[in-house]
Every structure is written in structure tokens, then in C-alpha cells.
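J.: predicted structure and sequence below. I'll ask about it afterward.
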Amino acid sequence: MLETDLWQMTALTFVPALFALILVFVPATAKEALRWVTLLGTAVTLAISLVVFVGYLDVLEGVRSERGVLPWHGKDAHLEARVDYALAGSEVQTGPDGKALPGSLRPQPASDLVARSAWIPRFNIEYFLGIDGISMPLVLLTTLLCFLSMIASWGIEKHVKGYCMLFLLLETGMIGCFLALDFFLFYIFWEVMLLPMYFLIGVWGGPRREYAAIKFFLYTLLGSVFILIALLGFYFTDVRDFVRPEMVKAKAVEIGVRQGLSAGDAEKQWEKFAKDANVHTFDLVTLGKAGRAAMRVLNGETDKVIAEAPSTDKAGMKERLKQPFFTSFFQVAMFLLLFIGFAIKVPVFPFHTWLPDAHVEAPTPISMLLAGVLLKLGGYGILRIAYPICPWAAYTLAWPLALFGVINIVYGAFAAMAQTDFKKLVAYSSVSHMGYVILGIAVWSARPQYWEWGMNGAMFQMIAHGVTSAGMFFLVGVIYDRAHHRDLNNFRGLMEPMPFYGGLSFLIFFAALGLPGLCGFIGEAFVVLAAWTYSPVLAVITAAAVILTAAYVLWTLQRVYLGTNPAYKDFPDMSVREIIIGVPLLVLAVLLGVFPQYFLLSWMQPSVNGLVESLSKLTGGQ
Amino acid sequence: MLTFSPQAIADLQRDLLAFLPELVLCAAIVLMLLIRLFPATGRTHLGGLALLAVGGALVVAWLQWTRSGSLPLPDTSVRYFTGLLAYDSLTVFLRLFLLGFVALAIVLTFFTHIPDSEDSGDFYVLLLGGTVGMMLMASANHLLMVYMAVEMASLPSYALVGFTKGRRASSEAALKYVVYGGGAAGVMLYGISLVAGRFGTGSLTDVAQGVGAALATGTLDVPLALGLAFIFIGLAFKLSAVPFHFWCPDVFEGAPAEIGAFLSVASKGAAMALAGRLVLAFAAVAPEQAALAFAPVLALFAAVTATFGNLAAYSQTNLKRLLAYSTIAHAGYMMMALACVNTEGMSAVLFYLVTYLFTNLGAFAVIALIRNRTGSEDLSAYAGLVYTAPGLVVAMGVFLLSLLGLPPLAGFAGKFVIFSAVYHAAADASRPWLAQIYWALFVIGGLNTVISAVYYVRALKVMVIDKPPEGVGDRRVPFAAGSYAAILAMLVFVLGIAWNMLSVASERGTASFPAPKATVAAKG
């Protein structure tokens, strides 16, 4: 069977890298050609991501029509269900008597957007990709922002070839991260992003670029080491009770064959070897199941966990549930390692200090990507990896996590207010806005429906912030190209010579501020609502911080755009190229603000709610 | 009159077949020495012949590995030459590793012209002679053989370090190396005589039994402990483990870059194999006690070596010196895996060695190529190199980042395998304090990676971000030489993505030693 989804997702990930390879053969002096080829690469990637998106909507639609229910109640909208189903489905195809097995009667869809193939069998590492409502919007955001920021890169004159190649490699890393469902694969892509970013800041950045680049590099590398520790910790857990029994059997047969038995004999006596058939995996879905079991074990429901497991070896399972993975210390330690690793990227106070430096020094298009996509990877990692695998720790530590979110919001806002550098102000506003993401994820309260608000708000905020922060950095870049400085106190009166630019800026900044009707409002409102049910105190602080946000945004707008300034009277308004970049972002900001349900929530929510449901039912009696 | 029994003749035939790769090299050495005697042929460049011999030996070793030769590689270790040498998968793995490396290094000398036609005889004889010594190190099964093999590997190395006779730094380096090496060899010989005297035999099989029994019963007396310590000090010198590393930076700085690669990859690989064989032989007799006795010491040396190497590399301005300290650090990483005192750790070492081969050879090759253009090995000679030789800088970037251990490059796979072995050892440790040691080692390894990022990335920064110095000449390298570096870089990349086969092979490399029994799950 030709796995269309495997090829689709592989193309989505590696087409940018392929174009980087093509660029090798374009002479370095042909700058214009280099730019167009790169733009073509990002455009092709954008097109593929849209094709995949339509495929994903198809998957959702199938669920809806078959079950006759609204998609956000369809269990199969969740990644895990699809992965399990795919495994069961492949069994149907290889069944000896040709009959479908019970529980897998539904025909295998042609494209379910989960695809796996063996990569490094000795370590059970898989090339395992998949898409759901959590990764899909982020992938679309990535491909769109890459396309737009490539247009914004037209002004780069220095070493265009190197720039374009690194840019495309960065895109591959980012998309790969969002698609990977194997922790090892995720880690590879996570690290692949590191170096292009280092050079993009270090070579094409501002005056203090070298310092900013190495700071970014070291911070992120340190975070990666934390993640690597957790990765190995999970790997050395025997998760055979959470995979299909056939896998354990296959493993046992393999051991038998290795001990000199013939394949047939080993097949017959496989139970003799079952004791040593340990299953170690990097599969995030399987690890998530083990993580949920760990939470129930820690809640004292060991017997129930054993009764419900597919494993046939119940006595052995009882022993295996005593592995370190199922202890509170391990869960908390691994959660903290992962959380810190991802928090550095988000960035969460106090791990945020690389961000202002990196942003200020990075060239405009790279700032757009850094704020628009790279920060989201931190939030995505927390959602996709830290929470599902270490839910007990996440639940136990919910209060401090939420507090970190609130600190981020308030601290970022105050810090932004104090800045005189326009770009630094936007950078700190990112810190503040990403705080909502953390807060929304953290408010795991007793009632799942409120946490659903928080989670959806956090996801929505990630997308909205991706749009607005990229827009803001772009707008700062536009004025920097004209005025050649970013000092907020020296602007004044830009509205007069550049009315279009001024109007666009007002709308984008208002969207970031969270004005109702624009995209920033939805996410923040959801998060604050969820926070209120969790802890009114935190909600009040969060809501109050909106005033701070309004203050620094309005004050900035006043200082930059209002009034008159004869010095800047002759500035030309935005060029066509700049309009092409700015307007799509504005349109998105408005559409997401006015029709959030239609444009995002309707296809994102099922997956987010699925995650919330699967986790919140673990809390036991409530 | 002396007569041989048919059995003895059959044994001899078997032994010679097992020894065939070494024999091929020995024949080539003799042939090269003979060629030098005749005026007509005395000045021909012997690189081709050397490469041919290494290639032949490589084919033989490959046949042994794939079991298609006339002497199939057994699952267990076979002693041959009256028990002086061991023929097992570790032996053959190291043969492939060493011969593969030397073949690539010889090809490199074609591009860097370091031995000219006149000197080529000396150079390749020494190179092949050292290689034979290293192959013997990897298969030694007798303490006497251990000493002879180490000496046989060392003596040609001393001469090779001083090969560029006119250069003062080179001669100085050779002298330093001889003095330190002589001292270390003496200490090692003293240790060997203590151990051999204690058991009345030098056979590693018997010594391992004796040491294992002593460990198991807790009767490790002072002479034996001292003897073992001295032997390991001799090996630590070859490994440039702190505090026996003093020779390393100076020697690397003085020696030609090609020889630097030889010392850092081949010599280190052989020493790791020998150390691993000793440790695993002890562990085979008394696994738990061997781990309790050796792991803390090895872990301490590993941690100190890696940390010191990385910290000292910070302030280096000479790229070869920087790589010398990086070599020390990598010896530390490999010793971390050795500290697991089991076959999983040793497999990780073997895996790491192969990734390190391509990576480090590549880095030294770039240094040699740039030296030929600029005559300098200072980091400043590389400033802004990306403007004139972008391809070479990309290759060098791949090597440096692979040394740093960034995916998807070979160095990351190597580090991953080592860290996973250490993690596994920690999870399986038989005592809580031993587990603590492994955890500490694990964390130190991770932090070292971050520390090392600073200087690897700085070297890269100099090449890419810094401005080229005034009045610098044309730094472009010939296309063929550049392709050599590019191919190595490509291999580093491919090996970083598709490493399943290497991982299986490295597991097989230790198959003749008993695998660790306990696993996480079995312990519960």
C-alpha cells in the first residue's frame, strides 16, 4: 500500500531542505535567483501544508459523518485513537485467515495522517510522524510565516546564499518538530533548529550579534540536555504493558531466534522468552499511555490499571508497575527536566534573558520567525510531551506552574513598559503574552470543562501571538529600514508621512493588546476565564495585567505614530512588498478575532479537548 | 631433529590465517624497506603500495568479519599463538577500524604531500608498523604481549611525531613524547611484572581468573592492586587521560596534522580496546565485584578527563592544540562508557570510536589542507575562511559540530549511545552508591557537552563571522582535496542518520564476552 500520508508529511518536512540543496548549485552572485528559489521553496511548502490541512479536515469529516456527532466529541479526532486504530488496521491486513479482527472492522482510511516506519530498530527508534489539531495550526503558522518572512528577507544583501540555505534548514527543523511523534525524532529536529538560528543571528544580526547568538545557543543547548536526560529516562522504562500484545510476542520470538531456535519453534514457545521481552520505546503515544498509568498508580488505582491493560501477563505487570517511571520522584523529576527544557524556549521567567538579546540583534525576518514559531515550540513541547507523559507531576505542580505563567505576564508587561528600544519592547511583550500560554495550560482544575477553556485558550493564544508578534517585529523592521534607529523617544509623528503603515500598525498592535474583535482577545479571554475557576486571585492579577499591556501598547503608539515630526516628513509609505507581508497578517488577525470558531477552533478543539479529557479523567473521584 | 606433529601444523595454519591481516602489513613493510635499497626505485613514492597493502589487509579482515573467509570468526574468543593473542569479534572489529582509518589517512597524505617521494618509505613503514602494533594491542591476550604491542605502537609514533625534521616544534614534540612515553612504558612494565609475579603467569585468561577470584573474595592484596593500577596508568597515558595527558597538547601542536589524526584516532582506539578487553575479562569472572572495584575509579578519571579537556580547550588559539584538548575530552567520554564495566558500555565505546574516526580525521584533514595553503595552524588563519572556501568551512563545521555532538551528525549518535549505556548502568547498578556515581557521571557528561559548545562554536564563529585578515593569500584548496573533506563530512552526516547497522556491528564486537544479566525490568 502506498502510504500517501507518509509521503505527504515527509515532503512537508523535507521540501525546504531539498530546496536548500538546490541552492548549492545556484551561483552565489545570482542574488535575485537565490531569493526567488528560496521563496519558491517556502511557497511549495506552504502549498503542501495546505494540502495536508485539507486531508486533516477530511479525517475530521469522516469522524463526524460516521458517528453522527459533532467533531469535538469524536474520539477518533484524537491522535492516539488514530494511532491505535492504524496499528489494529495493519493487523487486519496481515491476518492469517484473511478475516477482520473484532474491534477493527472499519476499513483503514487511505490517509489517516499518522505514519510510521522503522528507522533504528536496535533502539526501537521510529520515523513516526502524525498530525492532529494541536500540531496542524502550528504547522500552518510556520509555513505561512516562513513564506512571509522570506519576502521580508529581500533586503538582506550579505551572503544571500548562506542566508537562504540556513533559512530553509530552519524551516525543516521547525516543521519536523511539530510533526514528529517519536521523541528521538523530535529531539533531532529540535537540535537541527539550533545551528541555523545561531548563524542567522550571528552573521546577519545587529552590532552585538555574536554575544546574542552564543547566548541563544548555550541557553537552548542546556535546555536540550535536560530534554535528553528525560528522553533516556523514558526509554529505559519497560512499557510492554502499554503496547499491543503482538509486539511483545514478536519480541519474544526474536529472542528465541537469537538463542538458536528456528523461527517456527520460537513462535511456538514464545511464552518461554516473554519474560525477557522488554519493550523500550520513544513512541510518544505509548509513553503517554504509560504516563497516564503512572498517574493512576500514584493515585492508588494500581489494580484498576492492571485490570484494564491489554497485557496478558497481569502478575508481571504488577511488578513492572514498580519501575522508577511509576514513582512520584521520577515523574516530578522528569517533568521538571522537560518543563525547564521547554520553558527556556517559551521563554518562562527566569529563563527568558536570552530572548531580548536575540530579538534585538536578529534581522527582522528572523525575529518574525523567532517570535512567531520558535517560542511556540516550547509551548508545543509542554503540551505534546511533558503533560501527557508526566501528568501526575503536572497536576501536582499546577499551582506553581500557573504562578510562573502569571509572573511571566506581569513581569513581561512591566519590562516592556520600561524599554526605550522598540524591538526590545516587542520582545518583552512576547514574554508577557507567552505567559498566557503557560497559565492556560497550567490551570488543571477539578472540572475538565474549565481546563478545556484554558488549553484551547493557550493554543489559540499561541496562534494569535504567532500572527501578531511576527507582525509587530515586521513593523519595527519597516521603520528601522527608514529611520535606522529604534529609539522610541525619537520617533513621533510617523502617521503623517506613512498613513497606511500607521493604520496597519494600530490594528496589529491592538490585536496584540487583546482588543475584542481581534485575535489577541480570544485566547486571553479563554485563559482568564479558566484561571478564574482555578484561582480567582491569579485571574484578577492576570486581568489587571491587561491594563499594563494596554498602557505600554498605547504609550508606544502615541510616542511613535502621533504628533508631528518634521524630520521624518519625507518617509515613503510602505512599499508593495511590505504591504504583501503586512496585509495577510492583518487579515488573519481580524479573521481569527471575528470568526474564531470557524477559522480555528472548529478543527483545533477536538484534539485539544481530547487531550484534556484523557488527562482530566485521571484525577480520580472528582 | 625437531619434528612437528600434524596437530601442531594444523594449529599453526589456523593461527596464521587468524593473523593474516597483520601478516599482509608485515609483508608490505618488508617490501617497502627492500625497495628503498635499490637506487632505481629508492625515490618512488610508496603511498600507493602502502594503500594497496592496507586495502588487502582490510579485505581479509572484512572476510573474517563476515565469516566468509577460510577462518570463520567464532562466537567465542579463540586463543592463538600459544595463547598470546585472542581472535574474536573485538579483535576483528578493531582491525577493521584501524585499517579503515589508516587507508583513509594514507589517501589524505596524497593530498597534503606530507611525505615527499624521498621520505615516503620511512613514513609509510612507520605508519604501517605502528598500525600492526595497534592491531596487536587490540588482540593481546598475554601481559607480555600487551607490553610489546604497546611499545610496537608507540615507537613508530615517536618517530612520526618528529617527522618534519626541520621544524623545531616537531622535534621538541617528539622528544617530549619519547620521554613521557618511556616513563609510562616503564611504569606499565613494572605493573605487569607485579601482576605476572603474583600469579606466576602472564596469560590474561589466568590473570583474569585470579583477579576475579581476588575481587570476589575481597582479597585484592597490595601488590596486585598496585600492579593493576600501574598497567592502567600505562594505558591512561596512551589514552591521554588526566593526569597523564601532559604530552598531548604539545605533541599535537608539534606533530603534522596527519599524525595528530593518527594519534588521536588509531592510537586511542587501540588503547580503548585493550583497556576494554582487560576490564571485560575481569568482569567476565566476577561481574558485580569488577563493577564495584573498577567503576568508581574509571568514572572518576572519565569525569575529570572530560571536564578538564573541555575547560582547557577554552583558551586555545592554535586549532591543533584545541583539538588536542578536545581529544582528551573525548577520551573522557569514552571512558564514561568503559566505566559501565559491561559489554553494553564497551559496545558504546566501539560505536563511538567509529563515529570519532570520520569526525576527527576530517577535522585534522581540513587543518592539514589549510596549513598547506597558509602555513599556519592558528585559529586566526581561519578568520573569514567562509568567504574564500565555503565548502571547506561547511565540512569543517560538520566535523566540529559532530565533535560537539549535535544531531543529526555521527557524533550525536555516538554520544547518545554512550549516555544511554551510562543511564542503563545507573538504573541497573547493584548498589545505591554505585548508581549515584553513574548518575553523577551522566550529568557531568551532559554538562560537558554544553561547555564544549563554547569552543567548538567559537572556532566555527571565527571561520564564518570574523573578517578575513589583511593580506591573507589565496586560501582555496585544490578540488580533489576539498572533495576528500566533503566526502568525509557526508559520511559523518549519513552515519548520524543511519546508524542501525553500526550499532548492531558494535554490539557484535563485544559478543565474545558475557552480556550483563540484570536489566531494569527483571529487577522490578
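T.: Okay, I see it.
J.: state the pLDDT value of A:L261.
T.: With respect to pLDDT, A:L261 has a value of 76.
J.: list the residues that contact it.
T.: A:Q269 (C-beta atoms under 8 Å, 6 or more residues apart in numbering or on different chains). C-betas here are computed from N, CA, C, even on glycine.
J.: how about it, phi and psi?
T.: Per-residue torsions, A:L261: phi -80, psi 160 (degrees, to the nearest 10).
J.: go on, B:H142?
T.: Here is the backbone geometry of B:H142 (degrees, to the nearest 10): phi -150, psi 140.
J.: who in the stretch 101-250 of chain B is up against chain A?
T.: Residues of the stretch 101-250 of chain B lying near chain A by C-beta under 8 Å from any C-beta of the partner chain: none.
J.: my bad, chain B
T.: B:386, B:390, B:401, B:406-408, B:412, B:416, B:419-420, B:423-424, B:427, B:442-443, B:446-447, B:449-450, B:453-454, B:457-458, B:461, B:464-465, B:498-500, B:503-504, B:507, B:519-522, B:524.
J.: give me the buried subset of those residues.
T.: Neighbour counting over these (16 or more other C-beta atoms under 10 Å in any protein chain shown) leaves B:386, B:390, B:401, B:406-408, B:412, B:416, B:419-420, B:423-424, B:427, B:442, B:446, B:449-450, B:453-454, B:457-458, B:461, B:464-465, B:499-500, B:503, B:507, B:520-521 as the buried ones.
J.: number of nearby residues for residue 237?
T.: Using chain A here. Using other C-beta atoms under 10 Å in any protein chain shown, A:T237 is surrounded by 25 other residues.
J.: sorry, I should have been clearer: chain B.
T.: 24.
J.: repeat for the one 10 residues further on
T.: In terms of burial, B:W247 registers 22 neighbours under the definition other C-beta under 10 Å.
J.: how about it, nearest residue that isn't a chain neighbour?
T.: Spatial nearest neighbour of B:W247, chain neighbours left out: B:Y180 (4.2 Å); criterion: C-beta to C-beta, 6 or more residues apart in numbering or on different chains.
J.: list the buried residues of stretch B:27-46.
T.: B:28-29, B:32, B:35-36, B:44-46.
J.: which ones among the residues you listed map onto strands?
T.: Members of the buried residues of stretch B:27-46 lying in strands (criterion: DSSP state E): none.
J.: redo the residues you listed as TSV? Include pLDDT.
T.: Formatted as TSV, the buried residues of stretch B:27-46 follow (pLDDT from 0 to 100):
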residue	pLDDT
B:A28	94
B:I29	94
B:M32	91
B:I35	89
B:R36	84
B:T44	82
B:H45	85
B:L46	87
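J.: just the ones of those residues in helices?
T.: Those of the buried residues of stretch B:27-46 mapping onto helices are B:28-29, B:32, B:35-36, per DSSP state H.
J.: now whichever strand or helix holds B:G130: average pLDDT?
T.: Element membership of B:G130 [criterion: DSSP states H and E] is helix B:117-139. The pLDDT scores in helix B:117-139 average 92.
J.: and stretch A:220-237, by the same measure?
T.: Averaged over stretch A:220-237, pLDDT sits at 91.
J.: what do you get for stretch A:147-164?
T.: Mean predicted confidence for stretch A:147-164 is 91.
J.: immediately after the helix or strand containing A:A545, which helix or strand?
T.: Mapping A:A545 onto the secondary structure by DSSP H and E places it in helix A:536-561. Once the chain leaves helix A:536-561, the next helix or strand it forms, by DSSP H and E, is helix A:576-594.
J.: whatever helix or strand A:L140 lives in vs helix A:576-594, what angle?
T.: Counting by DSSP H and E, the element that carries A:L140 is helix A:135-152. Orientation check (axes from the mean of the first three to the mean of the last three C-alpha atoms, to 10 degrees): helix A:135-152 against helix A:576-594 gives 160 degrees.
J.: nice, that's everything, thank you.
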